[in-house]
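Next comes the sequence, and after it the predicted model I'd like to discuss.
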Amino acid sequence: MKESKTLLITGISSGFGRALADSALAAGHRVIGTVRSEDAKAAFEQHDSGRASAYRLDVTEFDSLDGVVERMEATIGPIDVLVNNAGYGHEGVLEESPLAAMRHQFDVNVFGAVAMIKAVLPHFRQRRSGHIINITSMGGFITMPGIAYYCGSKFALEGISDTLSKELSLLGIHVTAVAPGSFRTDWAGRSMQRTPRSIGDYDTLFDPIREARQAKSGQQLGDPAKAAAAMLEIIACETPPTHLLLGSDALQLVRNRLAEMTRQIDEWETLTRSTDG
């Protein structure tokens, strides 16, 4: 039997968070999930396993997170794995989208994740063990019109994850950025925040993209249960990857992006080298 661990998963009410929580409990792990309502808390804690605990928590309430994690550790026991899953997508042409929407996108997707990391790290560092999994996106490698704020937040979290993995490499703490492609979650449905259209010059480019994304919601290629199984596999691994793509669409699109970047680097190599003193 694989070693049982305690997972702290933010945002377990739906999507990847719920799929991972269900799979982890079925595999014999203990799960501490964060939710936004008392009803969701009560529902999760009624899980038949008896190993499901929930806390009401908003990852943007940065000053409260240290205390919440302290209570989790004191009440339930040492946390082995932090899964930063809480997040959402913003869709809107950049020129049309208010800066307030970008601030909130980064508060949840980036600052909230970092605040959770900072809350668990003293405990991980003291024990010289732990695993931080940040759910990013293929949008942390590739870009598409209309999700600049979202892609920006996921690019940021990818970079932070990579840097953090180097800072923690000698302390026995692992960091993995998990970048899913298109999965059958609520990301493009009720969880998506959309800025209304206002500038006609973007109609030809963006309207078909928005319509296609809405039509595809719920019919994407990826299966959240299989994503959960993949994450449990890396949690059990002694040498987990720093970056993990999930989904054949993510694999192909990211490979195409890297190939195009390499082509441009090679094309402009002479100019790049010309700046050396």
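Yep, that arrived. What you are looking at is a predicted structure, and each value in this text was computed from that prediction instead of being measured.

alpha carbons only for contacts and neighbour counts from here, please
Noted.

looking at this, residue 95 is in a helix?
No - applying DSSP: H, G, I helix; E, B strand; the rest coil, one finds residue 95 to be coil, outside a helix.

tell me the phi and psi of it?
phi -60, psi -30 (degrees, to the nearest 10).

Likewise for residue 149?
Per degrees, to the nearest 10, the backbone of residue 149 is at phi -70, psi -40.

now the residue most central in space within the chain, which residues is it bridged with?
Note on the chain: the residue nearest the mean C-alpha position is residue 135, at 2.0 Å, using C-alpha atoms, centre = their mean. Applying DSSP bridges to residue 135 gives these bridge partners: residue 178.

Does it touch residue 109 like I think?
No - counting by C-alpha atoms under 8 Å, residue 135 does not reach residue 109; the two are 9.3 Å apart.

Tell me where the stretch 101-250 of the chain has strands.
With DSSP state E, counting those that start in this stretch as the criterion, the stretch 101-250 of the chain has strands at 130-135, 173-180, 193-194, 243-246.

How about residues contacting the longest one?
Outside strand 173-180, the residues within contact range by C-alpha atoms under 8 Å, 6 or more residues apart in numbering are 124-125, 128-140, 158, 161-162, 164-165, 168, 240-247, 250.

switch the cut-off to 6 Å
Strand 173-180 has contacts (C-alpha atoms under 6 Å, 6 or more residues apart in numbering) with 129-138, 165, 241-246.

Identify the contacts common to residue 135 and residue 109.
With C-alpha under 6 Å, 6+ apart, residue 135 and residue 109 have no common neighbours.

where along this protein do the helices fall?
15-26, 38-45, 62-75, 99-106, 112-127, 148-167, 203-216, 224-236, 248-267, 269-273 (DSSP state H).

Put together CSV for those helices, with distance to residue 3, mean pLDDT and mean neighbour count on each row.
Below are those laid out as CSV (distance: least, C-alpha to C-alpha, whole Å; pLDDT from 0 to 100; neighbours: other C-alpha atoms under 10 Å):
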stretch, distance to residue 3, mean pLDDT, mean neighbour count
helix 15-26, 12, 95, 22
helix 38-45, 22, 94, 16
helix 62-75, 19, 97, 14
helix 99-106, 35, 98, 16
helix 112-127, 17, 98, 19
helix 148-167, 23, 98, 20
helix 203-216, 38, 87, 13
helix 224-236, 8, 96, 17
helix 248-267, 29, 97, 14
helix 269-273, 50, 98, 10
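
Turn those helices into JSON lines, columns for distance to residue 93.
Converted to JSON lines, these look like this (distance: least, C-alpha to C-alpha, whole Å):
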{"stretch": "helix 15-26", "distance to residue 93": "25"}
{"stretch": "helix 38-45", "distance to residue 93": "34"}
{"stretch": "helix 62-75", "distance to residue 93": "29"}
{"stretch": "helix 99-106", "distance to residue 93": "12"}
{"stretch": "helix 112-127", "distance to residue 93": "24"}
{"stretch": "helix 148-167", "distance to residue 93": "8"}
{"stretch": "helix 203-216", "distance to residue 93": "8"}
{"stretch": "helix 224-236", "distance to residue 93": "28"}
{"stretch": "helix 248-267", "distance to residue 93": "21"}
{"stretch": "helix 269-273", "distance to residue 93": "31"}
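
closest to residue 181 out of those?
helix 248-267 (4.5 Å; C-alpha to C-alpha).

hmm, back to that, can you pull the contacts of the residue nearest to the centre of the chain?
The contact partners of residue 135, by C-alpha under 6 Å, 6+ apart, come to 84, 85, 178.

Give the PyMOL command for selecting the buried subset of the residues you listed.
Applying 16 or more other C-alpha atoms under 10 Å to the contacts of residue 135 leaves a buried subset, and the PyMOL line that selects it is:
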select buried, resi 84+85+178
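
rewinding a little: residue 197 is nearest to which of the helices of the chain?
helix 203-216 (8.4 Å).
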